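# Sequence and predicted structure, then a few things I'm wondering about:
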Amino acid sequence: MKTATKRQTVLWSVVALTGVFAVGLGVTLAQAQPPEAKAPPKKLTGAELYAINCNRCHPERYPTEFTASQWKTIMLEMRIRANIPAKQANEILKYLQEDAGGN
């Protein structure tokens, strides 16, 4: 009879420890912080896109070197040659046309 009592005591001890462990795990998980959402990537300016895309093949050209309409023609060609996405090409063109040279 003593062996059965020892087994029951051991069994109840295991059950109690399992319960304590489960409660402790539940508390730990409840206190855990959700993963932080990553901030969306920073939108690059036309000047930054110009520096990244255009300066890798040739020296920088200043916006005042060409007129707004000339920059438009140049960007049409360079967008294809440099494989620049349309949205980026439009940002670069806006940057160049803001300070474009006179007629």
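Alright, I've got the coordinates.

# for Asn55, helix, strand, or coil?
coil (DSSP: H, G, I helix; E, B strand; the rest coil).

# okay, which residue is most central for the protein?
Most central in the chain under CA atoms, centre = their mean is Pro41, positioned 4.3 Å from the mean C-alpha point.

# Who's the closest spatial neighbour of Glu98, skipping the chain neighbours?
Pro63 (6.9 Å; CB to CB, 6 or more residues apart in numbering). In this view, the C-beta of every residue, glycine as well, is placed from N, C-alpha and C.

# ok, back up a step: so the residue nearest to the centre of the chain, which of the three states?
coil.

# By mean pLDDT, flag the weakest helix or strand of the protein.
Across the helices and strands of the chain, the lowest-confidence element by mean pLDDT, DSSP states H and E is helix 2-31, at a mean of 65.

# buried sites along stretch 63-70?
Within stretch 63-70, the residues scored as buried using 16 or more other CB atoms under 10 Å are 63, 66, 68.

# rewinding a little: could you check how far the residue nearest to Glu98 is from Gln33?
Note on Pro63: its distance to Gln33, by CB to CB, to the nearest Å, is 47 Å.

# With Thr45 instead?
From Thr45 across to Gln33, the span is 34 Å (CB to CB).

# Compare those two and say which is more crowded by neighbours.
Thr45 (13 against 5; other CB atoms under 10 Å).

# Tell me how this structure divides into domains.
The record's domain parsing of the chain by automatic domain parsing lists 1-34, 46-98.

# average pLDDT for the last one?
The reference is to domain 46-98. The average pLDDT for domain 46-98 rounds to 93.

# Need the distance between the two termini of it.
10 Å (CA to CA, to the nearest Å).

# hang on, isn't Ile84 packed against Asn53?
Yes - in terms of CB atoms under 8 Å, Ile84 counts as a neighbour of Asn53; the distance is 5.3 Å.
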